[in-house]
Structures are given as structure tokens and as C-alpha cells.
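1. Give me the fold of what follows.
(4 chains)
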There are 2 protein chains.
Amino acid sequence: MSRKTFQRLALDERRQSLMEATLTCVARHGLDGTTVRRITEEAGVTPGLVRHYFGSKDELIKNAYAYLIGQLTARASESADTDEDELPAAQQLRQFLLGNLTSPNLSEDKVSLWATFIGQIRHDPFFAEIHREGYREFLEFLERLVEGVLIDHGLPHRGPQCRRHAIAINGLIDGLWMEGSLNSGLYNRALLPGLAIEATERLLGLPTRALGTAGLAPHATAPQLQEEDAKCAMPE
Amino acid sequence: MSRKTFQRLALDERRQSLMEATLTCVARHGLDGTTVRRITEEAGVTPGLVRHYFGSKDELIKNAYAYLIGQLTARASESADTDEDELPAAQQLRQFLLGNLTSPNLSEDKVSLWATFIGQIRHDPFFAEIHREGYREFLEFLERLVEGVLIDHGLPHRGPQCRRHAIAINGLIDGLWMEGSLNSGLYNRALLPGLAIEATERLLGLPTRALGTAGLAPHATAPQLQEEDAKCAMPE
DNA sequence: CTCACTGTTATACGCACGAATAATATATGG
DNA sequence: CCATATATTATTCGTGCGTATAACAGTGAG
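-> Okay, here's the model as predicted:
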């Protein structure tokens, strides 16, 4: 029997590939069901590498979680900053909402991973810390967007008020993101972006359409709701 | 060495005690880390009983999940129906919000359990079905409350509109429930009920205070915010 | 071209797990 | 008060896990 041929990879590539394989496994099989053997098989290597790069399975999983949260929050903020960074505040907030409630962040895999790890927060401070940090970043980013919008509309924007609004909108996003990603089939996911935008306008006391039309494109009026699975669409 | 003495329990008592021990273990140690040996130790019996009552560990865990969801949704609906059932709709909605954002439903254990099991939805249709059912029940209950409130205030209350409102408020509740239960220390949990009530008024387009004061007691004006851990309170 | 380095594989070990089986204690009906 | 049923315990078994160790192979330096 001949030995397996292999390629030497740069340290970071290998680490990243192992973390991604880990996330794939957790999403596919849950934390139980995620074994070193399965992870390394997914990554196309042998189990020894986990020890070599991360010391232990636990350490690998923790790193994978931090990696996931980094991806999620980065993607969320980018969606608001993406264009040559002086969009009006309302447009930024709109993009932020859209970014969180459309693919790729609105994904069954992502929410499944996220939930699985949330379940670990209770018994390992490392997970708690990563979560707390990601949440804080998310909330503060949102708070700044809210402040900008309120200022533009000449509405009261003292600190505590912005914070309260940010907490509420953050809750709204999280909740819609979760239920939308899990997609129980009770309504069409494509409704979520418009729904979130409208709800946010109301929460902030903005005039209707202040954050743009209910359609997906920033300046289009024609609602082009493309969606891969349009099953179980809600009427209206 | 003498054999362990034991008590014969009625079938349902034993089943329930095993399911509760399972939930305790999952909350404390995660799904991995929840072993038959630990569950039965927690319940004060020996591992054989799992086989006897549930056939397998998997089956026990599934039953425990269904049991948990039953508790959560029951408690949520009860909080609105509790009094001799003809409270005005606004008060019912208010109680519903409060019920979901105060103890015992607002609990780190509960959200930890909930998240852990959400992570299973993806790979086992049983969990998906239980979740879907619980979510549907929650959403429809909320939709009826919303409809009642809109009617009382003479606002438009066609079906799709109520549904949209219910989806948004449900998202808000879920998101606040999660983040509040995890309590990242970024704000005081005691703020959540008032925040949710105010946000709901805005989402539905109700006049301020239509759902009652920001305090906890239904008819009191003095805000009596008792909270066990008032650490990290937010200013204002 | 060769050597040393180390990323990578192959193999082995001990342990804890879920499940199965056999033995025993409790409850119940006559 | 005994006979029977069965809830419960005690013990065993096979398996798959995480990890440790040793052998090997790809890589770059001189």
C-alpha cells in the first residue's frame, strides 16, 4: 500500500482550510457529529494535522468560531460602506438592512452554525467573549447609522435615544434573520428586506419611503424580487 | 456491595424526569457533553432506563426538545390569556411582550437550549418540524393580538397587513429575547420590556402609551424595575 | 545533488460512549 | 402472603473518539 501524496501548504492556507472544513462539518452534522476524522477528511488531509496546527480539536473549533463571526460582521458592515463611502446615511442604513437579510448572510447554513455556537456560550467563556465582541461591533455600527439618519431628518438624536433605537433595530434584524434563514415556509423570504426597511422607518419615526422603496434595487421602483425558492409565498 | 434501592415511578413521571434531566444537561454541557450516563445521573437513575423508556438516546433528546418547546410556547400564550380572559387587546399584547421578555422565559438557560436545538434543525427533520410548529403557533397567536389592537384603534387591519406586522414584531421579540437572555452586558435587561412595548407601538402606528406605560405593572405609573443583576446598567 | 527541516501521513493506544443482556428488587392482584 | 410482572439495576460488549508517536516525503539551502 502506497503512502498518500500531499502538498505542502502555506501555514495560513492550511489553517484556514481546516477552519472552513470545521464549519462545514458543524453546519452539516452539528457539533456532536463533528469529529477530527470528519473534519480532516473534508479538508482532504489526515487527522494528525489538527494537532500540528491547533494543538487540539477544541482549539480548532474555537478558532473556527472566531473566523465565522469575523466573516459575518465584516460582511454586514461592508454592505453599508461598500460604495465610495459618502452615501447618504439613509442609503447606508438601507444597505445594512439589505445586507443582513439577503444572501449570503441570510443562509440556513450560517444561522445553523451561529445557533450551534451560541449554545456553547454558556459553558465556555471563550465563545462568550467572541460573541460579545461581535455583538458590540454590530450594535455600535448600527447606532452610528441610526444617528446619521436622525440627524439628516432633523430628529432628536441624543446618545441614549440612538442606543435604544439601535437595540430595537438590532433585535429586529436578528430575529428576522434567524426565522428567515430557517425559512419555516410560513412566508416568502423575499419579503423580509422590504419588511425590515418599512419597520425601521416606523421605529425611527421617519416618513414613509425615507429609506427608499420597498423593492431591492436602491433607486428602482420596479420590485424585482428574484428568489431561488419561491415556494410558500405569502399573498399580497 | 449492596444494590441501589429505588422507587418505581409512574410512567409519565419518569419520562418527564428524564426529559428534564436531559434539558439540564444540554443547557449545562451542550449537546456534545450530554451523555446517557450524565443524564441518568442527573435524574438519579441508571443508564438502562433510557433504553427502557425511550429506546435510544436520540429518541430521548427529541422528546426533550418537544417538551421544551411546549413549555416555551405555552408560557408565552398564557401570559396574554391569564386573567379572566377579556382584557382589552392592547393589554393582552402588552402582557405577551412582557411574558417573553421577563423571567422565566428570558433566561440564559432557555435561550442556550433553544439555540442548541436550532442547530439540529438542519440535519434532522424531526427538530425542524417541532420548530416549525412552535413558530407557527407563536406567529398566529401574535397575529390575532395585533388584529385586535388595530381594530380597537380603528386602524386598517386586513389580513396581509396583520401578518406583516406579526412577522416584524415576532422578529423583534425573538431578537431581543436572545440578546437579552445572553446578556452581553452592553445594556440592562430590565430595559427590554419597555423598549419592546414602545417599539411595538411605533411598528403598529399606535399613539404613544397605547400599550400602557413603560413600567412593568399594567396600571402603575411608578416604574418599579426590580432586577436581580443590575450590573452594567445603561445610562438614561 | 544532498542534506536537514518540518509538514504530513500512518499507526496505535486508552478511554468513554451508546446499547444490549442478565440479574434483581419493587409493586400488584388474587 | 405468595405469585407474577416489570421497572430498575448491574455488567458487559463493541465501536469510534481524541490524541500521541513514529515513519515518511515534499521543500528549500548550500
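2. Which residue lies nearest the spatial centre of chain A?
-> Chain A has A:L72 as the residue nearest its centroid, 3.9 Å off, counting by Cα atoms, centre = their mean.
3. Now do the same contact list for it.
-> Remark: with contacts taken as Cβ atoms under 8 Å, 6 or more residues apart in numbering or on different chains, A:L72 is in contact with A:N105, A:K110, A:W114, A:G134. Quick note: C-beta positions are derived from backbone N, CA and C, even for glycine.
4. Switch those over to TSV; also include secondary structure, pLDDT and neighbour count.
-> Formatted as TSV, the contacts of A:L72 follow (DSSP: H, G, I helix; E, B strand; the rest coil; pLDDT from 0 to 100; neighbours: other Cβ atoms under 10 Å in any protein chain shown):
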residue	secondary structure	pLDDT	neighbour count
A:N105	coil	92	18
A:K110	helix	94	20
A:W114	helix	96	25
A:G134	helix	95	20
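5. where does chain A dip in pLDDT?
-> Segments of chain A classed as low confidence (criterion: pLDDT under 70) are A:1-10, A:82-85, A:214-236.
6. where along it do the helices fall?
-> Along chain A, counting by DSSP state H, helices occupy A:11-29, A:36-43, A:48-54, A:57-81, A:89-101, A:108-121, A:125-152, A:159-182, A:191-204.
7. what does the domain assignment say about chain A?
-> The record, using automatic domain parsing to delimit domains, assigns chain A the ranges A:10-55, A:65-204.
8. Is there proximity between the shortest one and DNA strand D?
-> Same thing as domain A:10-55. Yes - if you take Cβ under 7 Å from any atom of the strand as the test, domain A:10-55 does meet DNA strand D, through A:T34, A:T35, A:V36, A:R37, A:R38, A:P47, A:G48, A:V50, A:R51.
9. so how far is that domain off the chain centroid?
-> Put simply, domain A:10-55 sits 22 Å off its chain's centre (Cα atoms, centre = their mean, to the nearest Å).
10. just to revisit the earlier point, the residue nearest to the centre of chain A and DNA strand C, how far apart?
-> The gap separating A:L72 from DNA strand C is 27 Å, by Cβ to the nearest atom of the strand, to the nearest Å.
11. now swap in A:R51 and tell me
-> Counting by Cβ to the nearest atom of the strand, the separation of A:R51 from DNA strand C is 8 Å.
12. what about that residue, neighbour count?
-> Counted with other Cβ atoms under 10 Å in any protein chain shown, the neighbours of A:R51 add up to 13.
13. separation between the residue of chain A found nearest DNA strand C and A:V36?
-> Chain A approaches DNA strand C most closely through A:G48 (2.7 Å), counting by Cβ to the nearest atom of the strand. According to Cβ to Cβ, to the nearest Å, A:G48 and A:V36 sit 9 Å apart.
14. now do A:L172
-> Summarising the geometry, the distance separating A:L172 from A:V36, computed by Cβ to Cβ, is 39 Å.
15. just to revisit the earlier point, by neighbour count, which of the residues of domain A:10-55 next to DNA strand D wins?
-> If you count neighbours using other Cβ under 10 Å, the busiest of the residues of domain A:10-55 next to DNA strand D is A:T34, which has 25 neighbours.
16. list the contacts for that one?
-> Shown in contact with A:T34 (Cβ under 8 Å, 6+ apart): A:T22, A:C25, A:V26, A:I61.
17. Tell me which two in those are the farthest apart.
-> A:C25 and A:I61 (9.7 Å; Cβ to Cβ).
18. Which one of these two is surrounded by more residues?
-> A:I61 (26 against 23).
19. burial measure for the closest residue to the more buried one other than its chain neighbours, as a count.
-> In space, A:I61 comes closest to A:T22 once its chain neighbours are excluded; the distance is 6.1 Å by Cβ to Cβ, 6 or more residues apart in numbering or on different chains. Residues near A:T22, counting by other Cβ under 10 Å, number 29.
20. out of the helices of chain A, nearest to B:I118?
-> With respect to B:I118, and counting by Cβ to Cβ, the nearest of the helices of chain A is helix A:108-121 at 3.9 Å.
21. Just want the angle from that closest one to helix A:57-81.
-> Here the directions of helix A:108-121 and helix A:57-81 differ by 130 degrees (axes from the mean of the first three to the mean of the last three Cα atoms, to 10 degrees).
22. hmm, helix A:108-121 in reach of DNA strand D?
-> No - looking at helix A:108-121 against DNA strand D by Cβ under 7 Å from any atom of the strand, there are no contacts, and the closest approach is 14.5 Å.
23. so what's A:D109 up against?
-> Contacts for A:D109 were tallied using Cβ under 8 Å, 6+ apart; they are A:A27, B:R122.
24. Burial check on the closest residue in space to A:M178 that isn't next to it in sequence, number of neighbours?
-> Using Cβ to Cβ, 6+ apart and skipping the chain neighbours, the partner closest in space to A:M178 is A:V111 (5.5 Å). Using other Cβ under 10 Å, A:V111 is surrounded by 24 other residues.
25. and if you look at A:G55?
-> By other Cβ under 10 Å, neighbour count at A:G55 equals 10.
26. A:L192 touches A:S103, doesn't it?
-> No - the pair formed by A:L192 and A:S103 falls short of the contact definition of Cβ atoms under 8 Å, at 11.3 Å.
27. who has more neighbours, those two?
-> Summary of the neighbour comparison: A:L192 and A:S103, criterion other Cβ under 10 Å, with A:L192 having more neighbours (25 against 11).
28. Could you measure from the more buried one over to A:G119?
-> Here the distance between A:L192 and A:G119 works out to 24 Å (Cβ to Cβ).
29. quick one on the thing from earlier: so of the domains of chain A, which one's packed in deepest?
-> Using mean count of other Cβ atoms under 10 Å in any protein chain shown, the stretch among these with the largest mean neighbour count is domain A:65-204, at a mean of 19.
30. Now the terminal residues of that one, how far apart.
-> With Cα to Cα, to the nearest Å applied, domain A:65-204 spans 33 Å between its terminal residues.
31. same check, this time on stretch A:115-131
-> End-to-end for stretch A:115-131, by Cα to Cα: 11 Å.
32. now check it, is it near chain B?
-> Yes - judged by Cβ under 8 Å from any Cβ of the partner chain, stretch A:115-131 comes into contact with chain B through A:A115, A:T116, A:I118, A:G119, A:Q120, A:I121, A:R122, A:H123, A:H131.
33. Among the residues you listed, find me the one that's closest to A:L204.
-> Of all these, the one with the least separation from A:L204 (Cβ to Cβ) is A:H131, at 26.5 Å.
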